[in-house]
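**Q** Prediction below, plus the sequence it came from.
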Amino acid sequence: MKGYQKVHFFEVSPHVYAVTDSAYQSLKEENREQCLLISGESGSGKTEASKKVLQFVASASGHKPRLEAVKDKLLQSNPVLEAFGNAKTNRNDNSSRFGKYMDIAFNYLGDPVGGNILNYLLEKSRVVHQYPGEANFHIFYQLIIGGDDELLRDLHLRRNIDLYYYFSNGLLGCSCDKLTDALRYRTIEVQRESVKKPLSRDMAIYARDALAKAIYDRLFNWLVARLNASLHVGDGGDQRTTVMGILDIYGFEIFERNSFEQFCINFCNEKLQQLFIQLTLKSEQEEYLKEGIEWIPVEYFNNKVICDLIEEKHKGMSYLGDFRLVHYAGDVTYSTKGFLDKNNDQLFRDLLEVMSETKNAITKSMFTTSQLKSKKLPETAGTQFKNSLNQLLVILMSKEPSYIRCIKPNDYKKSGNFDNKVVSHQVKYLGLMENLRVRRAGFAYRRPYEVFLKRYKCLCPETWPFYKGTAKNGVIALLKHLNYPNDEYALGRTKLFIRFPKTLFAIEDAFQLAKHRIAAIIQKIWKGRVQRKKYLKMRTAAIVIEKWMRRYLAKKAAERRKKAVQLIREFIKGFITRNGAPTPLNKRFIKMSQSNFLKLLAQSLPKNVLDRSWPSCPESCKEASKLLRAMHIKWLARKYMLSLTPDQKKQFEMKVLAEKLFKGKKKGYEMSIGPKFVVDRLPEDQKMLKQSFEINQMPGDQRLKYIAPVIKYDRHGYKPRERILVFSDKTLYLFEAKNNKIKHCLNFNTITEILVTTESDSLLLIRIPPELKKDKGDLILNVGHLIEAVTTLIDLTKKPEVLKMADNSPISHNLNEGKGKQGVIDIMQGDAPAIVKGKGGHLLVVVCP
Ligand SMILES: Nc1ncnc2c1ncn2[C@@H]1O[C@H](COP(=O)(O)OP(=O)(O)OP(=O)(O)O)[C@@H](O)[C@H]1O
């Protein structure tokens, strides 16, 4: 088998394998459905050849475990079918008694994936009757001889073939009584009434045989159906398959007695021969003529007349005596005895009924009740056979045929014996000579231009990848490019004819080589498309993802922005309202401003009491600031106070008192704040006056508290006189320096009013109580350090209420109580300050604005 694989069939010697390989390659490479027609007379080797075909296919195709299982089923179906459908005849010990057409389905890789068997007209009469020298179907003998004891006991069988007229047992599952009844009586309708009519002995035997035949025939059909179910192209049934059909039909038969079965078998062979003639001799020659190829016709015997004779309607045959048909393979005389019965193939209704009531599942599926219901007359066996045969021919015509013609070497089933007469007879009637002549003179191959160009255009740059002109011109260009010699081909009207197989195989080889390059291109384009599709899908997906992602991010950003805006808004609102009432929003700002203020305050606290600076504070700190400021001032003051000497303290108290007395009341007060108050205002040259006054003039229980030169205006026309003003702790003295004479001495208790103006002058009017005046009036003085002197006086008298402010002139005063004379002091604005004698006896005080 290996030697025949992947070689061109003309390179090897003729063999079944060569034909099979050629068909298999055509199926695999060109995807063309194939059929192998195996013909030859009975015993010529068709069944053996068909088995070889199967074996070769099994060996040439793939060897995966799943495929091996399929092949196993295909190969193993044969022994089962042979057991039930083959029998020993006088011409063949293993003669097929049924026609078989087997389809093997291949996938695109050329691996078998399943199959289907069609069976034709089983010779069921063999079940009940065999001619001398012949036998029943193998299965009976196999069962009796091969079945184990237990099985035989169960089936009520004994291991002795001679005991059985034909095989029968209880293999049925129906009521014994009913079956016996049905075999003895027949129910007939008489005037619409059912009547049971007993059967004659012959009729009973007929009924028995008919039942046996029907059971066996239907069982065989069931068996084929069961095998088909097992060979069914499995779950991957959606895959495209290409089939190779193998036809192994019973061969032409000539017996001594030829009956209906031989008639059918030979008719079948006649039809197949007709098909062969049609396809190889007739149509081939007709095609040359049609295509305009130069051709000398080859004569041949056409068996169409015989086919027509049998097939055409209204050409009945006599059933009174035997008849003879001149078949293509020889003359056969048929006996008409039993012809009609076999053709009618009738099974009494009663038997059908009993069988349909069976409890055996297989039997039940063989005898369905639908048959009983049908009132129509069933088709005759001959008509059924003819119809199924015609259907088979349609199937065969649709495929590319290959022929295996089996020649039987001798009539004695002897090996190594070739009977020339027998062989040459077969060669002759099979029309092989004519066939050879046509083949030799003609062309081995023909292909429509389109098909040829489509397959081989890749071998020529002009035609690849597309040829723009007609297919015929394309083929011509292609052949020219390939340097085809003119005598090796002919150009028909629609087809190219190639004379020698090797020519076609050469181009096929070149194609096989180029195929890989083309496959690479197809692969490239396909991969490109797949990748592009994938890419586009991914891109679309990416865009969608991107879109969603962007949307998601934008949403997030918007949310973030919204939050930020909210935060900023709250921040701003908080900031704006930081001086208002505390809210959750401004809380932090308030805190912050408070802490900032405190920090700032810590750095800029006033360092001394006079420092009035204080940092401005936020609203929220106003109260605290106020308190702090007061506290701080208090603290500074305390600190300052603690650091004061008694003198400084006194000075301070005096200043405070001065403030109380004069601040905002007398112009020029501010000028007095800076300079220290002193006790002694005497000029240097009069300094000794102080001591002498203390020692000589002042009573011993008194202390000198103040001494300063003043001008006193005399009551006589306000004549200014220099005097020294002295305060002791109880008394006011006014004395004259040049004579050290006290002019005035006033106990503080007696002073009821001291008057100063609101202007910046230095006028001091001390009102003397009338009882003390005697001849003197009120004291009118010009005191250099007026505020200092007055403050000291008030401090000493502890009578601040005596100080009066005269805010406008004229100011009246007593000149002399005794004479009741009133003096007047005028205040006037002027360029330079002065206290002078004015008009009308008034004293004029000139003040500067
Ligand atoms: N190539 C062969 N070489 C030797 N013997 C063969 C060959 N082919 C067939 N035989 C013998 O011939 C016998 C009959 O062959 P086979 O059953 O294939 O014939 P057939 O054509 O199928 O006949 P039928 O039409 O009766 O079924 C086989 O059992 C075998 O003994």
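**A** Looks like it arrived, so ask away.

**Q** so who does whichever residue of the stretch 451-600 of the chain sits closest to the ligand touch?
**A** Across the stretch 451-600 of the chain, the shortest distance to the ligand (Cβ to the nearest ligand atom) belongs to P501, at 24.5 Å. (C-beta placed from N, C-alpha, C; glycine too.) Contacts for P501 (Cβ atoms under 8 Å, 6 or more residues apart in numbering) come out as H8, F9, F10, A444, Y445.

**Q** Now the residue nearest to Y467 when sequence neighbours are not counted: which helix or strand?
**A** Using Cβ to Cβ, 6 or more residues apart in numbering and skipping the chain neighbours, the partner closest in space to Y467 is G474 (3.8 Å). Using DSSP states H and E, the element containing G474 is helix 471-481.

**Q** Distance from the chain centre to that helix, please.
**A** 52 Å (Cα atoms, centre = their mean, to the nearest Å).

**Q** helices or strands next to the helix or strand just after it in the packing?
**A** Next along the chain after helix 471-481, taking DSSP H and E as the criterion, comes strand 489-491. If you count contacts as 3 or more Cβ pairs under 8 Å, 6 or more residues apart in numbering; DSSP states H and E, strand 489-491 packs onto helix 471-481, strand 495-498.

**Q** which outside residues touch strand 489-491?
**A** Contacts of strand 489-491 (Cβ under 8 Å, 6+ apart): I293, E294, F443, K472, V475, I476, L479, L496, F497, I498, R499, T503.

**Q** ok, 10 Å please
**A** For strand 489-491, the external contacting residues (Cβ atoms under 10 Å, 6 or more residues apart in numbering) are 288, 291-295, 442-443, 445-446, 449, 472, 475-476, 479, 496-500, 503-504.

**Q** Next: stretch 828-848.
**A** Taking Cβ under 10 Å, 6+ apart as the rule, stretch 828-848 contacts 667-668, 711, 713, 717-720, 757-763, 765, 780-782, 809-811, 813, 815, 821, 823-827, 849.

**Q** ok, which stretches of the stretch 401-550 of the chain are helices?
**A** Counting by DSSP state H, counting those that start in this stretch, the stretch 401-550 of the chain has helices at residues 420-429, 432-441, 449-456, 471-481, 501-576.

**Q** worst average pLDDT in those helices?
**A** Lowest mean pLDDT within these: helix 432-441, a mean of 84.

**Q** now that helix against helix 420-429, angle please.
**A** Here helix 432-441 points in a direction 50 degrees away from that of helix 420-429 (axes from the mean of the first three to the mean of the last three Cα atoms, to 10 degrees).

**Q** send the alpha carbons of helix 432-441 over as PDB?
**A** Presented in PDB, the C-alpha positions along helix 432-441 are these (Å, rounded to 0.1, in the frame of the first residue of the first chain):
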ATOM      1  CA  LEU A 432     -13.000  -3.300 -22.300                       C
ATOM      2  CA  MET A 433     -11.400  -3.400 -25.800                       C
ATOM      3  CA  GLU A 434     -13.600  -0.500 -27.000                       C
ATOM      4  CA  ASN A 435     -12.900   1.300 -23.900                       C
ATOM      5  CA  LEU A 436      -9.200   1.000 -24.400                       C
ATOM      6  CA  ARG A 437      -9.500   2.100 -28.000                       C
ATOM      7  CA  VAL A 438     -11.400   5.200 -27.000                       C
ATOM      8  CA  ARG A 439      -8.900   5.900 -24.300                       C
ATOM      9  CA  ARG A 440      -5.900   5.500 -26.500                       C
ATOM     10  CA  ALA A 441      -7.200   7.600 -29.300                       C
END
